[in-house]
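J.: no sequence on hand, only this structure:
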């Protein structure tokens with residue numbers, strides 16, 4: 001069951017949000033001030049936060065900053081402030097959505113569903129798979145049949161590009177300018193060396209050929 005933390009100091013509003021979300025199949029935990037909200041976040045796992053701005057002890061924008069230090073869970077701000085500048089500021093700080101009081105409970109539920117759907121889709125996309133390969137974009141690791149490879153940052157970057165677009169052919173110039181961040185001046189040795197090293201490391205764990213040379217064009221994942 002998905003768990004939602006409601007940080008709202010108005011008791012009636014907090015209870016109303018909790019009852020509505022519980023009625024839609026969510027588990028809720030309530031906090032009535034910013035400090036309690038942060039304590040809940042540090043001690044429990046949540047899938048989403050509904051966050052008021054005008055909170056005792058620690059304001060909503062300060063809570064949001066704390067959340068974004070180590071978490072990317074969806075945060076929906078619910079506030080009586082309806083200024084465009086306020087909304088922009090909060091979205092820039094890392095809020096995923098903004099609902100103005102007074103609100104419609106149906107709209108709140110719809111936004112919760114929408115933001116959770118986007119979040120879980122993003123979570124699924126953190127892992128890229130191809131044949132025996134599994135690449136985790138969060139931990140920056142690549143595994144073959146469950147065995148983790150020791151890759152340099154550049155080798156990892158190349159494999160991430162390959163797994164993001166398995167059928168795409170990547171030219172040497174594209175790889176160099178994307179991974180190294182410099183203009184490609186025709187020196188193929190750097191790219192060839194990294195591709196050769198990747199092939200060697202992959203062969204230590206699998207007989208499958210993973211990197212294919214497309215002569216005159218570049219490289220791609222082998223079909």
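T.: Arrived safely. Treat the numbers as computed from the prediction; the structure is a model and nothing was measured. Numbering: from 1, shown residues only.
J.: tally of neighbours for residue 212?
T.: Burial of residue 212, expressed as a neighbour count using other CB atoms under 10 Å, amounts to 13. Glycine gets a C-beta too; all of them are placed from N, C-alpha and C.
J.: isn't it up against residue 195?
T.: No. Counting by CB atoms under 8 Å, residue 212 sits too far from residue 195 to count as a contact (10.3 Å).
J.: what is in contact with those two at once?
T.: By the contact definition CB atoms under 8 Å, 6 or more residues apart in numbering, residue 212 and residue 195 are jointly contacted by residue 219.
J.: okay, now the unreliable bits of this structure?
T.: Under the criterion pLDDT under 70, the flagged ranges of the chain are 124-125.
J.: for it, which segments count as strands?
T.: Ranges of strands in the chain, per DSSP state E, are 3-7, 27-31, 48-51, 75-79, 97-100, 127-130, 133-136, 141-144, 147-148, 211-214, 218-221.
J.: in a markdown table, list those strands along with distance to residue 106.
T.: As requested, the strands of the chain are exported to a markdown table (distance: least, CB to CB, whole Å):
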| stretch | distance to residue 106 |
| --- | --- |
| strand 3-7 | 16 |
| strand 27-31 | 17 |
| strand 48-51 | 15 |
| strand 75-79 | 14 |
| strand 97-100 | 12 |
| strand 127-130 | 34 |
| strand 133-136 | 37 |
| strand 141-144 | 42 |
| strand 147-148 | 46 |
| strand 211-214 | 51 |
| strand 218-221 | 45 |
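J.: hey, which of these is tucked in deepest?
T.: Counting by mean count of other CB atoms under 10 Å, strand 48-51 has the highest mean neighbour count of those, with a mean of 25.
J.: quick one: contacts of the lengthiest helix in the chain?
T.: Among the segments of the chain that qualify as a helix by DSSP state H, the longest is helix 105-124. Counting by CB under 8 Å, 6+ apart, helix 105-124 makes contact with 2, 4, 16-17, 20-21, 24, 26, 47-48, 50, 72-74, 76, 78, 96-97, 99, all of which sit outside it.
J.: do stretch 140-158 as well
T.: Where contact means CB under 8 Å, 6+ apart, the residues beyond stretch 140-158 that reach it are 132-136, 159, 175, 178-180, 194-195, 197-198, 201-202, 205-206.
J.: tell me the buried residues in the longest helix of the chain?
T.: By neighbour count on 16 or more other CB atoms under 10 Å, the buried set for helix 105-124 is 108, 109, 111, 112, 115, 116, 119.
J.: the spatially closest residue to residue 115 that is not a sequence neighbour: how many residues sit nearby?
T.: Distances taken as CB to CB, 6 or more residues apart in numbering put residue 74 closest to residue 115, at 4.2 Å, once the chain neighbours are dropped. The tally of other residues near residue 74 (other CB under 10 Å) stands at 24.
J.: these two touch, right, residue 74 and residue 94?
T.: No. Residue 74 lies out of contact with residue 94 (CB under 8 Å); the separation is 10.1 Å.
J.: not counting sequence-adjacent ones, nearest residue to residue 60?
T.: Spatially, and ignoring its direct neighbours in sequence, residue 60 is nearest to residue 53 (3.7 Å; CB to CB, 6+ apart).
J.: phi, psi for the one you found please.
T.: According to degrees, to the nearest 10, the main-chain angles of residue 53 amount to phi -90, psi -40.
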